[in-house]
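**Q** sequence below, structure please.
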Amino acid sequence: MTEAEKALLGLLYDANGDPALIAARNKAKYLLHLYNHTDPRDSESRDSQLRVILGKAGSGLLIEQPFYCDYGNNIEVGDNFYANHNLVILDGNRVTIGNNVFIAPNVGIHTAGHPLDPHQRNQGLEYAKPITIGDNVWIGAGVNILPGVTIGSNTVIGAGSVVTKSLPAWVVAAGNPCRVLRAIDDSEKS
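**A** Have a look, this model is predicted:
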């Protein structure tokens, strides 16, 4: 089993010593360097570059520069995806994002984590767990989403939150750790 296969299964894998993963990250970093230095007025080039970097992308794609990720091919975004400046996605495992998702500046989506055992950590081992974000989600500035989290559709996450556990649909959630503050009621729905 390859290190990339282990990562997608959520097993410990060697991200720092595996030549195939290092090559894949270097390729992504090169493509991101080109993207991040493309004239921001050249929306056609930016769109086509993102479609090379990402595993899958729907229509209406815009990620403001700069954007960073580990591999890119593990990221799937739906239609009408917008992310503001400084989006970081550590995509050792799959990141699946639905339609009509809006992400504020300085957001981190992190599938990667490290073992508690210092011996394993010092060997360069890590794990990655998938992250899923539903449709019509709004993620506030400075939010960090941790490994294995699912965010339900139509949910709003307040700025500065650290999302450590999955959140249901149709809620407003915030805090560190992020927790549900309230449901979005019928009067707030269109």
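
**Q** which strands and helices sit next to the helix or strand of the chain with the lowest mean pLDDT?
**A** Lowest by mean pLDDT, DSSP states H and E among the helices and strands of the chain is helix 118-122, with a mean of 94. Using 3 or more Cβ pairs under 8 Å, 6 or more residues apart in numbering; DSSP states H and E, no helix or strand is in contact with helix 118-122. In this view, the C-beta of every residue, glycine as well, is placed from N, C-alpha and C.

**Q** would you mind pulling the contact partners of that helix?
**A** Contacts with helix 118-122, where a contact means Cβ atoms under 8 Å, 6 or more residues apart in numbering, come from Leu12, His114, Pro115.

**Q** most neighbours, which of those residues?
**A** Tallying neighbours with other Cβ atoms under 10 Å puts Leu12 at the head of those, with 17 neighbours.

**Q** quick one, what contacts the closest residue to that residue other than its chain neighbours?
**A** Closest residue in space to Leu12, ignoring its immediate chain neighbours: Leu125 at 4.6 Å, by Cβ to Cβ, 6 or more residues apart in numbering. Contacts of Leu125 were listed using Cβ under 8 Å, 6+ apart, and they are Leu12, Tyr13, Asp14, Ala15, His114, Pro115.

**Q** if you set the cut-off to 10 Å instead, what comes out?
**A** Applying Cβ atoms under 10 Å, 6 or more residues apart in numbering to Leu125 gives the contacts 3, 6, 11-17, 114-115, 117, 119.

**Q** circling back to that earlier point, mind saving the C-alpha coords of the least confident helix or strand of the chain as PDB?
**A** Extracted C-alpha coordinates of helix 118-122, given in PDB (Å, rounded to 0.1, in the frame of the first residue of the first chain):
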ATOM      1  CA  PRO A 118       6.200  11.700  20.200                       C
ATOM      2  CA  HIS A 119       8.100   8.700  18.800                       C
ATOM      3  CA  GLN A 120       5.700   8.500  15.900                       C
ATOM      4  CA  ARG A 121       5.600  12.200  15.400                       C
ATOM      5  CA  ASN A 122       9.400  12.400  15.400                       C
END
